[in-house]
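Novice: Here's my sequence, what's the structure:
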Amino acid sequence: MPFGDPKQADTNGFYPLPTGIPKCFMIPCMAVIIQKYGGTSVASAERIDHVARRVAHTRQQGHQVVVVVSAMGHETDRLMALALQVMPMGVLSSSCERELDMLLATGEQVSIALLAMALQKMGCPAVSMTGSQAGIVTNGDHTRARVLHIDTERILQHLGQQEVVIVAGFQGISTEREVTTLGRGGSDTTAVALAAALQAEVCEIYTDVPGVFTTDPRKVDDARLLPQITSSEMLELASLGAQVLHPRSVEIARNFGVTLKVLSSLDPPEVPQSGTQVISPQPSMIPEGIEGNQAVDSVILDRNQVKVVFLHVPDRPGVAAQVFAGVAEAGINVDLILQSLHSSQSGRTNDIAFTIPQQYQVLMAELAPQLAQALGCPEVLMDADVSKISIGGAGMIGRPVIAADMFQVLAKAGINLQMISMSEIKISCVIDSAQAGDAALLLGEHFRVIPHSHRGDPSVAPGMQISGKSASRGNRPVRGVALDLNVCQMALVGVPDRPGAAADVFRPLAHANISVDMIIQSQRRQANGEGQPTNTIALMLSQAQMELAAAQLQQVADQLGCARPLLDNQIAKVSIVGSDMEAHPGVAAQMFATLAAAQINIEMIATSEIKVSCIVPKTDGIRALQAIHAAFDLAQP
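Specialist: From the prediction side, this is the model:
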């Protein structure tokens, strides 16, 4: 704990504080442990008793315990189904969001009361509290509220009375005293927010699996339990479909330096577990609010960029591997990689675009025609007058409006976006170098951040490195592989090639709270009926938001004069994640070669500093996951 001698604690277990300090700042002398149990862990009376035994066991070890629980089993789904039954045509409008929060918040009240009763039956004093009673204050965004702060005084009072405090996850109360819910993964968010507010020793997330694995153990038999993982890696894996932790909870842990552990709720309480520890760096300063802190905390300009584009590349397995094998053999490091797919009367072809540091420009100019000839690619473009502008921040998670704001700021300045790369905590755009300085200043002003120029080793690219050598096992560059089968691709063909096009597409999606995972602009230009240049913008998003997104994009298409949006939900996204990828050559090339060897075609590619994602046919998804897991030898410690 931060301070205090246990011998000085009062009879309620709190350190004495100077005169005038409010009681809500009392620090308990016993270590506080937060435990979170999901819906499957409390799905029946028998399982609630099992959870109660674990909580009581932890209390017997000398810890003060705050428990966060979800609604029982599929109770939230049942309540949502009831809401749909009473609404016209089974559609919930935004005007119903307040009442929906009132309805869904009742699910957790059942489980917290039952768990408190179970503990009391065992002779362990316990009290249940709703989010409002626990002092969890949120903003007023119904169904997707964010935690602003937590008044811990009442929780601390109960802890001082030697009681276990059981808090309803997923909910809080707004500053206008309205019941709110936190959205998907809300109980994880509640648990980590309480851990930050209470300065807990650890936040234990109990699930039906023993921790975080290198991949989904239900799909890969030799998936390995990871003893540790960084918060950055966990953020990416969580956003890629790993359902162990919600990204917002990892965001809070990262911002406040909370120690997170993922453990199994099914094992007997007396059996020691190793689980997985999510490691977060200690923050240099504590944010003012739990989730209300500044979303963007960095604006970075990188002028050391050259864009290379292979146009009309044949669409067949192994093409990406062939391109980057040649680049690797020449010792050229690569930063961003994007691949877009095109269909026409003459067949399907790809555009493969990537950026390299400027010191490789002459070498790449000599190599590119040779690669193009080998590929049957009729055209290669190189542009050294480009720069990369990036915004970043853990607070960007779950806030699609941030990307929309970035695109809008650049659009108003007449800055065209040539390439876009997105991750949960960073967005990068390749733009004309002549406008790079203005872009950095404008974004810095908008997000209230001082912009910086990228300063790195000129011999090492700031992003993904490609070379002919594989990474050593000693410091494994790939920590996990994720497969998302619940994705879909939407594409707008004929988008005007002008500043603001990405903003026009993204803004209505953001206002509808639709999160876009990948956005890829084609690099080839095609003239429309009026002779104006256009391109194609493809988006990747969750199938759950497909219908809403389709309606929004149809309106965009009508406004821009584009064709009807194209939809493909027969795809899968397979991704590798590792915070050490930048320091290990060969990672992306090895992934592409693995898929080529398995005769799996890559339809789209997008990368960030610690992630490479490939879109493949859905029928090949599991096979791709298994092949990549084996190729990087992730089953071995």
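
Novice: what number of residues lie near residue 617?
Specialist: The number of residues packed near residue 617 is 16, by other Cβ atoms under 10 Å. In short, each C-beta sits where N, CA and C put it, glycine included.

Novice: now the strands for the stretch 251-400 of the chain?
Specialist: Secondary structure of the stretch 251-400 of the chain (DSSP state E, counting those that start in this stretch): strands located at 260-264, 276-279, 298-314, 337-344, 347-356, 379-392.

Novice: From residue 118, how far off is residue 64?
Specialist: 19 Å (Cβ to Cβ, to the nearest Å).

Novice: same deal with residue 44?
Specialist: 12 Å.

Novice: between the two, which one's more packed in?
Specialist: residue 118 (22 against 12).

Novice: so which strand or helix has the more buried one?
Specialist: Taking DSSP states H and E as the criterion, residue 118 maps to helix 106-121.

Novice: Over to residue 430?
Specialist: Secondary structure assigned from DSSP H and E places residue 430 in strand 426-432.

Novice: Sheet-wise, list the partners of that strand with their directions.
Specialist: strand 379-392 (antiparallel), strand 419-423 (antiparallel) (DSSP bridges).

Novice: between those, which one is nearest to residue 112?
Specialist: Nearest to residue 112, of all the strands paired with strand 426-432, is strand 419-423, at 35.5 Å by Cβ to Cβ.

Novice: chain center to the closest one: distance?
Specialist: Strand 419-423 sits 14 Å away from the centroid of its parent chain (Cα atoms, centre = their mean, to the nearest Å).

Novice: which residues are contacting it?
Specialist: Strand 419-423 is contacted from outside by 236, 239, 307, 336, 338, 353, 355, 403, 427-430, 502, 516-521, 523, 606-611, using Cβ atoms under 8 Å, 6 or more residues apart in numbering.

Novice: okay, which residue is most central for this protein?
Specialist: residue 239 (3.2 Å; Cα atoms, centre = their mean).

Novice: quick one, what contacts it?
Specialist: Applying Cβ under 8 Å, 6+ apart, the residues near residue 239 are 247, 397, 423, 424, 517.

Novice: circling back to that earlier point, quick check: buried residues in the helix holding residue 118?
Specialist: 106, 107, 108, 109, 110, 111, 112, 114, 115, 116, 118, 119 (16 or more other Cβ atoms under 10 Å).

Novice: Enumerate every residue touching the nearest residue to the last one once chain neighbours are set aside.
Specialist: Looking back up the chat, that one is residue 119. Of all residues not flanking residue 119 in the chain, residue 126 sits nearest, at 3.8 Å (Cβ to Cβ, 6 or more residues apart in numbering). Neighbouring residues of residue 126 by Cβ under 8 Å, 6+ apart: 55, 115, 116, 119, 120, 163, 164, 165, 166.

Novice: Repeat that for residue 594.
Specialist: So residue 594 contacts 627, 628, 631 (Cβ under 8 Å, 6+ apart).

Novice: could you dump these to TSV with distance to residue 557 and secondary structure?
Specialist: Formatted as TSV, the contacts of residue 594 follow (distance: Cβ to Cβ, whole Å; DSSP: H, G, I helix; E, B strand; the rest coil):
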residue	distance to residue 557	secondary structure
627	37	helix
628	35	helix
631	40	helix
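
Novice: which one of those has the most neighbours?
Specialist: Neighbour counts for the contacts of residue 594 peak at residue 628, which has 27 neighbours (criterion: other Cβ under 10 Å).

Novice: Enumerate every residue touching residue 552.
Specialist: 508, 509, 512, 514.

Novice: Among those residues, which one is most surrounded by other residues?
Specialist: That'd be residue 509 among the contacts of residue 552, by other Cβ under 10 Å, with 25 neighbours.

Novice: I'd guessed it sits against residue 516; true?
Specialist: Yes: between residue 509 and residue 516 there is a contact at 6.2 Å, judged by Cβ atoms under 8 Å.

Novice: re earlier: ramachandran angles for the residue nearest to residue 119?
Specialist: Dihedral pair for residue 126: phi -150, psi 150, per degrees, to the nearest 10.

Novice: Tell me what it is bridged to.
Specialist: residue 164.

Novice: Tell me the pLDDT of it.
Specialist: Looking at residue 126, its pLDDT reads 97.

Novice: What of residue 318?
Specialist: 87.

Novice: again with residue 9
Specialist: Note for residue 9: predicted pLDDT of 51.

Novice: try residue 180
Specialist: 96.

Novice: Identify each buried residue in the strand holding residue 430, please.
Specialist: Buried residues in strand 426-432 (16+ other Cβ under 10 Å): 426, 427, 428, 429, 430, 431.

Novice: do stretch 485-502 as well
Specialist: For stretch 485-502, the neighbour count (16+ other Cβ under 10 Å) marks 485, 487-497, 499-502 as buried.

Novice: chain center to that stretch: distance?
Specialist: 21 Å.

Novice: For that stretch, list the C-alpha coordinates in PDB.
Specialist: C-alpha atoms of stretch 485-502 as PDB (Å, rounded to 0.1, in the frame of the first residue of the first chain):
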ATOM      1  CA  LEU A 485     -15.000 -14.700 -37.900                       C
ATOM      2  CA  ASN A 486     -17.600 -12.100 -37.100                       C
ATOM      3  CA  VAL A 487     -16.400  -9.400 -39.400                       C
ATOM      4  CA  CYS A 488     -17.600  -8.000 -42.700                       C
ATOM      5  CA  GLN A 489     -16.200  -5.800 -45.400                       C
ATOM      6  CA  MET A 490     -18.000  -2.800 -46.900                       C
ATOM      7  CA  ALA A 491     -16.700  -1.000 -49.800                       C
ATOM      8  CA  LEU A 492     -17.600   2.300 -51.600                       C
ATOM      9  CA  VAL A 493     -16.500   2.400 -55.200                       C
ATOM     10  CA  GLY A 494     -16.200   5.700 -57.000                       C
ATOM     11  CA  VAL A 495     -15.400   7.900 -54.000                       C
ATOM     12  CA  PRO A 496     -14.100  11.300 -55.200                       C
ATOM     13  CA  ASP A 497     -10.300  11.500 -54.800                       C
ATOM     14  CA  ARG A 498     -10.200  14.800 -52.900                       C
ATOM     15  CA  PRO A 499      -9.500  16.100 -49.400                       C
ATOM     16  CA  GLY A 500     -12.400  15.200 -47.100                       C
ATOM     17  CA  ALA A 501     -13.500  12.000 -48.700                       C
ATOM     18  CA  ALA A 502     -12.500   9.800 -45.700                       C
END
